[in-house]
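Visitor: coords please:
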Amino acid sequence: MRKSLPLLLLLVPALACAGIQPGNWEMTITTQFAGAPNAMGPVKQTQCFSAKDARDPHKFLGSAATQGCQFQNQRDTGSELSFELKCSGQIQMTGFGKTSYTSTSMQSDIELHGAAAGRNFTTRSHVTGRRLGGC
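Guide: Okay, the predicted model is just below:
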């Protein structure tokens, strides 16, 4: 995924176990910062994922997906994945999320908490993805 996308899009957990189909995917994200009157987005982007990419969470999510972030306590029912996040780096964050998915679509809600410049913050992101067809 392009580096210009918001970081939260890259934090969507690994869905390789879901049998995600390779192909051209459209990803859309909307992010709300607690206390801010307007949401950021929606931001849309399409990306072609090969069969290898769809099996490898690092490829499917982009190279920045695991930089400084760890998915913990993942629970996958076969159609829903819940997880906790712990991110380090310039801004340390913790949070949780839930992703519902099929082989051709996904929907995720992620909440992150952190501190920057001596102030605490919370972000809530809603991410959707859908397979558009072959590449």
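
Visitor: residue ranges with poor pLDDT in this protein?
Guide: For the chain, residues meeting the criterion pLDDT under 70 lie at 1-19, 55-68.

Visitor: and the spatially closest residue to T99 that is not a sequence neighbour, how far from G118?
Guide: What sits nearest to T99 in space, not counting adjacent residues and going by C-beta to C-beta, 6 or more residues apart in numbering, is S108, at 4.0 Å. Placement of C-beta: from N, CA and C, glycine included. Computed with C-beta to C-beta, to the nearest Å, the distance linking S108 and G118 is 30 Å.

Visitor: in terms of neighbours, single out the busier of these two.
Guide: For S108 versus G118, neighbours defined as other C-beta atoms under 10 Å are more numerous around S108 (23 against 5).

Visitor: state the distance from R75 to K86.
Guide: Relative to K86, R75 is positioned 16 Å away (criterion: C-beta to C-beta).

Visitor: give me the more crowded residue out of those two.
Guide: Set side by side, R75 and K86 show more neighbours around K86, with 13 against 10, by other C-beta under 10 Å.

Visitor: who does the more buried one bridge with?
Guide: Q70, T94 (DSSP bridges).

Visitor: who touches it in this structure?
Guide: Residues touching K86, when contacts are defined by C-beta atoms under 8 Å, 6 or more residues apart in numbering, comprise 69-70, 72, 93-94.
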